[in-house]
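# show me how the following folds:
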Amino acid sequence: MSSIKEHWENIYQTRDHKTVGWYQETPAISLQLLSEIGASPSQSIIDVGCGASLLVDHLIEQGYKKILLVDISSEALLTIKNRLGDQGDLPTYLSKDITQITCSEPYDLWHDRAVFHFLTDEADRKLYMANLSACLAAKGTAIIGTFSLNGPNTCSGLEIVQYDEAKMKLELSSDLQITDTSVSVHVMPNGAEQEYMYFIIKRIES
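Below you'll find the predicted structure:
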């Protein structure tokens, strides 16, 4: 696992995050989906694999107070904290692999723009889903974005797993269900396009 951490630390230490393929000047699709599910600033949110994303800037601007940022790269989290300036201490930062986290309390919202598709090992995917179940509040909602079946099969030099709704359903634990899906095309800084699949996932009420 340390080699994966070193991979991402190296990227954020040596490259301008505004030039990487996944950079978004405005995280429009994430903000749109949060709006569509009725997310509220009064809710708590965990942003998984946030990298140096500007989503947190928008969340703070909207009034969110309880934000947990999780990324394997401490350098990426430091980039965010420095960028936020006086508001840098508002989020909680956790530099850890998502398959290894423990939530001390449940979160209403789980956002993952592009982490799950990096989990090529079935055991890691099961750990991810177990942590999602453990961290998500009883009536919580998760937004997970992955490359679609029409998207790339690698990212940042790493293999990924492409998904459609049928494949994602096979990954979910028994207490979770997909309630909606959408396709989004991400235009990279170099102008190339990548097709993503976004899944809205809720806990099944018993």
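# going forward, measure contacts and count neighbours with C-alpha atoms only.
Noted.
# quick one, helices of the chain?
Counting by DSSP state H, the segments of the chain that form helices are 2-14, 28-36, 55-62, 74-84, 122-135, 165-171.
# what's the fourth one packed up against?
Counting contacts by 3 or more Cα pairs under 8 Å, 6 or more residues apart in numbering; DSSP states H and E, helix 74-84 packs against helix 2-14, strand 92-95.
# same question for the last one.
Packed against helix 165-171 by the contact rule (3+ Cα pairs under 8 Å, 6+ apart) you find helix 122-135, strand 176-187.
# what mean pLDDT does it get?
When pLDDT is averaged over helix 165-171, the result is 97.
# got a list of contacts for it?
Under the contact criterion Cα atoms under 8 Å, 6 or more residues apart in numbering, helix 165-171 has outside partners 125-126, 129, 177-178, 181, 199.
# how about those residues, which pair is most distant?
Checking the contacts of helix 165-171 against each other with Cα to Cα, the farthest-apart pair comes out as 126 and 181, at 21.0 Å.
# was I right about residue 111 contacting residue 46?
Yes - using Cα atoms under 8 Å, residue 111 and residue 46 qualify as a contacting pair, with a distance of 6.2 Å.
# which residues do the two both contact?
Residues touching both residue 111 and residue 46 (Cα under 8 Å, 6+ apart): none.
# let's see the pLDDT reported for the residue nearest in space to the middle of the chain.
For the chain, residue 112 is the residue whose C-alpha lies nearest the centre (Cα atoms, centre = their mean; 1.9 Å). As predicted, residue 112 sits at a pLDDT of 96.
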